[in-house]
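Asks: after the sequence you'll find the predicted model.
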Amino acid sequence: MIKIAPSILSADFVNLERDIKKVSSADYLHVDVMDGCFVPNITIGVPVVKSIRKCTDMFLDVHLMIDKPLRYIEDFAKAGADLLSIHLEADHPTRIAEALKVMGECGVKKAVALRPITAAEAVLPYLELGVDLVLVMTVEPGFGGQAFMESQLDTIRQVRAIIEKYNPACELEVDGGIAPKTAPLVVEAGANVLVAGSAVYGKEDIPAAIAALRV
Ligand code: DX5
Ligand code: ZN
């Protein structure tokens, strides 16, 4: 089954509770945390995740675009995240593995994310550590509303093949430029969780915009 994960990066932060309620027909709520170092943008942090947790029962898919994420795993878990994605490029592999271990101890689902530059094979050791989800970026992380990178379709296909071989229960999420035109392409390539910010919050009829992504 295809899951849709609206990204609140494109929501109205002054009316965040209202905008979260508008996407209740979706499957996950995607929360983009950016630190101004790993990516050239700053968004939200632990206190906001804690407040979001109080206003929704949706599955909180928290995408950490931050350097050295190990420092904050416990805090985001305590704030109420259901899943944490950390970027493979954000620290030394031993500390990425340690961060995944801490996620397990905190009872949150574990995910690794790949920038477009990172090769699919980089996920292999982490699949063997039992990650629940791999996130393949289909834009350079940092901003909503960018154009989908078609060159990432190959990476999605390769990650899907690796998942099937080593950990078939693992989900494959894509993030960036997902819209009704690109959704069928990523699903055909093997993605099963689709993040969408502008294609959801940029539309008048939000439930219809979510339905339009279910291919
Ligand atoms: C970008 C974020 C995305 C962003 C996607 O770095 O990780 O989640 O909100 O926005 P759209 O769907 O507009 O490309
Ligand atoms: Zn994201």
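Replies: In hand now; what should we look at? Ligands and ions are numbered 1, 2, ... in the order given.

Asks: ok, the residue most central in space within the chain to ligand 2 distance?
Replies: By CA atoms, centre = their mean, the mean C-alpha position of the chain lies nearest to His63, the distance being 4.8 Å. Distance, His63 to ligand 2, by CB to the ion, to the nearest Å: 4 Å. C-beta here means a position set from N, CA and C on the backbone, and glycine is covered the same way.

Asks: name the residues linked to the closest residue to that residue other than its chain neighbours by a beta bridge.
Replies: Nearest residue to His63 in three dimensions, chain neighbours excluded: Ser85, at 4.8 Å (CB to CB, 6 or more residues apart in numbering). Judged by DSSP bridges, the bridge partners of Ser85 are His63, Ala111.

Asks: so what's Ser85 up against?
Replies: 61-64, 111-113, 133, 135, 173 (CB atoms under 8 Å, 6 or more residues apart in numbering).

Asks: same question for Val102.
Replies: 70, 73-74, 77.

Asks: nearest to ligand 2, of those residues?
Replies: Ile73 (17.3 Å; CB to the ion).

Asks: tell me which other helices or strands the helix or strand bottoming out on mean pLDDT in the chain touches.
Replies: Within the chain, confidence by mean pLDDT, DSSP states H and E is lowest for helix 124-128 among all helices and strands, at a mean of 95. Using 3 or more CB pairs under 8 Å, 6 or more residues apart in numbering; DSSP states H and E, the elements in contact with helix 124-128 are helix 93-106, helix 152-166.

Asks: mind putting the ones you listed into a markdown table with mean pLDDT and distance to ligand 1?
Replies: Putting the helices and strands packed on helix 124-128 into a markdown table (pLDDT from 0 to 100; distance: least, CB to the nearest ligand atom, whole Å) gives the following:
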| stretch | mean pLDDT | distance to ligand 1 |
| --- | --- | --- |
| helix 93-106 | 98 | 18 |
| helix 152-166 | 98 | 12 |
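
Asks: circling back: show me what secondary structure element comes after the least confident helix or strand of the chain.
Replies: strand 133-137 (DSSP states H and E).

Asks: quick check, Glu173 in contact with Leu194.
Replies: Yes - using CB atoms under 8 Å, Glu173 is in contact with Leu194, at 7.5 Å.
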